[in-house]
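Trainee: Give me coordinates for this.
(one chain, ligands or ions: 2)
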Amino acid sequence: MDLFSTEKIANILPFDGVTNYHGLVLNKRQCEFYYEKLMETILFKNDEAIIFGKKIITKRKVAWYGTSEFSYTYSKITKKANFFTKELIELKDIVEKETGETFNSCLLNLYPSGAEGMAYHSDGEKMLKKNGAIASLSLGAERKFSFKHKKNKQRIDLILEKGSLLVMKEGTQTHWLHRLPPTKKVNSPRINLTFRTIEL
Ligand SMILES: O=C(O)CCC(=O)C(=O)O
Ligand SMILES: [Fe+2]
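Mentor: Ligands and ions are numbered 1, 2, ... in the order given. All right, here's what the predicted structure looks like:
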C-alpha cells in the first residue's frame, strides 16, 4: 500500500474498532447532481420511533431502499424498503468500488437544518450482517460527527464534508456510539446515505 492510500484511509479510532475516513469520493459536479436528484426522487418520510414506550415523530426524514422489498425493524418499528433508484445504484457502485465491500440496502437521512441531528447510538440491529461494514456518504451541508467509547467515554470528532465517505467496521458498533450533534451554525439541509448489508 502506498503512502497516499494509507493516509487516505486512516483509521480514525484509536482502539476497539476500525472506522476509515476516505475523504471525498464525489467531485463537486457529482455532489450537486446527486443532491438535487435525491431531493426530487427519494420518498423521505418523517421518522417514527418508540422511545420509552411512546411513539414519537422526528423532524429528521428517512427512507429505506434495497435490492428487494424486504421488511426491516429500526427504532422498534417495522417498515418495508423501496427498490433502489437509478441514482442509488450508481452511488452504491461508487461506494462498493471505493471500499471493496458489497451492500444490499441503504438508509437515507435528510436533516432539514442544523436543528436536527441524531442522538448517540450504535447500529447493531439483528437483521444487519454481524460486524458488516456500514458506509456513510454525505451530501449537502457539512456537519460534525462524533464517536464516544461505550466504556471509557473517549470522544473522537470529525467533520463530514459533502461528497465524503466514512466506513464503520470491525468493532466500531460493538465498542463505540456515534451521533450527529445538532448545531445552530448550519441552516441548510444535509442528506446522509448509509449503505448496509441486511441478512435476507
Ligand atoms: O447522518 C449521519 O451521518 C449518521 C446517520 C446514522 O448514524 C444512522 O443512520 O445510523
Ligand atoms: Fe448510525
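Trainee: Show me which residues of this protein sit near ligand 1.
Mentor: Contact residues, the chain versus ligand 1 (Cβ under 6 Å from any ligand atom): Leu107, Asn109, Met118, Asp123, Ser136, Phe145, Leu160, His178, Leu180, Asn192, Thr194. Quick note: C-beta positions are derived from backbone N, CA and C, even for glycine.
Trainee: Tell me the one of these nearest Asp16?
Mentor: His178 (13.2 Å; Cβ to Cβ).
Trainee: residues touching Ala63, list them.
Mentor: Ala63 makes contact with Ile42, Leu43, Phe44, Lys45, Asn82, Leu107, Leu108, Leu110, according to Cβ atoms under 8 Å, 6 or more residues apart in numbering.
Trainee: Name the residue of the protein that lies nearest to ligand 1.
Mentor: Asn192 (3.4 Å; Cβ to the nearest ligand atom).
Trainee: Which helix or strand contains that residue?
Mentor: Element membership for Asn192, per DSSP states H and E: strand 190-196.
Trainee: Packing partners of that strand?
Mentor: In terms of contacts (3 or more Cβ pairs under 8 Å, 6 or more residues apart in numbering; DSSP states H and E), strand 190-196 is packed against helix 28-41, helix 86-99, strand 105-111, strand 134-140.
Trainee: which of these is buried the deepest?
Mentor: Most buried of these, by mean neighbour count (mean count of other Cβ atoms under 10 Å): strand 134-140, with a mean of 24.
Trainee: which neighbours does that one have in its sheet, and in what orientation?
Mentor: Applying DSSP bridges to the sheet, strand 134-140 is found paired with strand 164-169 (antiparallel), strand 190-196 (antiparallel).
Trainee: All set, thanks.
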